[in-house]
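Mind folding the following:
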Amino acid sequence: MKIQSYKKYLFEGLVIFFSVFLSLYVGNLNEKRTNFEKKQQYIIDLIEILNQDVFQVEKLMDQLNKSEKFINSIQNDIDSQHNLLSDSEVIDMLIDIEVGFSFFPKDGIFNQMISTGTFELIKNNDLKMILLEMYNHQKERNFATSKEIDEFNLMFRNLPYSKFKIRFDYNLLDGEFYGKRNLTSFKFDNEFYLSNEFYGLLSQAKIYSNMYKRQLNDILKSNKESLLLSKEEVKN
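Numbers count the residues shown, from 1 in each chain. The predicted model follows:
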């Protein structure tokens, strides 16, 4: 009788043990699957964000290239004592020179992955490393450079605009970024135009443009590389 009781208790104990074990095992599998699916969705969202950032960086570089082209044209005109361009052509180019645009990476998805622990589920270590570089060191470097260029851009705008008494309309819905300026009136200051001060401002603007293009090129390279690695991560 005692043996039968022991067998019964043993059997019931084993049933309970295996039930608990199976429950924990299934729960662990479900948790792993949920985390995997969450990680996959984050990576898919990240791919979309990276595509948007690549587009934005490429447009910024196009604007900087156009600005450098206008600076070269104006400086060539100054070198020729203002015999290559008309007054209105100079002013039209001047209001389109823009070196103060800043790139702001969309880091929301990355921050969510870090805060939820999903970042650690990424299998590709190269992807982890490049994302950490992009959203930490590269981001800080970009903000520091942007701040310096923004401060110069304020001076670059204020002095020529006041000297030439430039007035324009602003169309917020036009242009790739912050709208488009349309010239309405100006008073050309030939003495200031041919001055070393104005020539130096143009040269400094071109230096900042080249400096920021170099940085944007590094950002673009990182974004494209992480984009390829993210697509591979989703497939795996």
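
ok, which stretches of the chain are helices?
2-79, 87-96, 108-116, 125-132, 139-163, 190-193, 196-235 (DSSP state H).

of all these, which lies closest to D169?
Closest approach to D169 among the helices of the chain (C-beta to C-beta): helix 87-96, 10.9 Å. Placement of C-beta: from N, CA and C, glycine included.

Can you list the buried residues in that closest one?
By neighbour count with 16 or more other C-beta atoms under 10 Å, helix 87-96 contains the buried residues V90, I91, D92, M93, L94, I95, D96.

likewise stretch 137-146?
Within stretch 137-146, the residues scored as buried using 16+ other C-beta under 10 Å are Q138, K139, N142, T145, S146.

Equivalent analysis for stretch 113-131, please.
Buried residues in stretch 113-131, defined by neighbour count with 16+ other C-beta under 10 Å: M113, T118, F119, L121, I122, L127, K128, I130, L131.

do the same with stretch 226-233
Of all the residues in stretch 226-233, those buried under the rule 16+ other C-beta under 10 Å are S226, L227, L229, S230, E233.

okay, and the helix or strand of the protein with the least pLDDT?
Of all helical and strand segments in the chain, the minimum by mean pLDDT, DSSP states H and E falls on strand 167-171, at a mean of 74.

Can you get me a residue count around S162?
11 (other C-beta atoms under 10 Å).

Quick check: the residue most central in space within the chain vs L132, distance?
Among the residues of the chain, the one closest to the centroid is P105, at 3.1 Å (C-alpha atoms, centre = their mean). Using C-beta to C-beta, to the nearest Å, P105 is found at 13 Å from L132.

re earlier: would CSV of the buried residues of helix 87-96 with pLDDT and distance to F186 be doable?
CSV is the format used below for the buried residues of helix 87-96 (pLDDT from 0 to 100; distance: C-beta to C-beta, whole Å):
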residue, pLDDT, distance to F186
V90, 95, 9
I91, 93, 5
D92, 90, 10
M93, 93, 12
L94, 92, 9
I95, 86, 9
D96, 87, 14
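
Please dump the residues you listed into JSON lines; it should also carry distance to I207 for every row.
Shown next, in JSON lines, are the buried residues of helix 87-96 (distance: C-beta to C-beta, whole Å):
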{"residue": "V90", "distance to I207": "21"}
{"residue": "I91", "distance to I207": "23"}
{"residue": "D92", "distance to I207": "23"}
{"residue": "M93", "distance to I207": "18"}
{"residue": "L94", "distance to I207": "17"}
{"residue": "I95", "distance to I207": "20"}
{"residue": "D96", "distance to I207": "19"}
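
Please identify which of these is nearest to F152.
Minimum distance to F152 across these is 15.6 Å, recorded for L94 (C-beta to C-beta).

who's in contact with D87?
F186, F188 (C-beta atoms under 8 Å, 6 or more residues apart in numbering).

State the pLDDT value of it.
pLDDT recorded at D87 is 95.

what's the answer for D174, then?
57.

can you offset everything so residue one is 540?
With the count now opening at 540, the last piece we talked about shows up as D713.

Low-confidence stretches in this structure?
For the chain, the stretches flagged by pLDDT under 70 are 540-571, 709-720.

Mind doing that once more with 90?
In the predicted model, the chain carries pLDDT under 90 at residues 540-579, 634-635, 637-645, 655-657, 675-701, 704-725, 750, 773-775.
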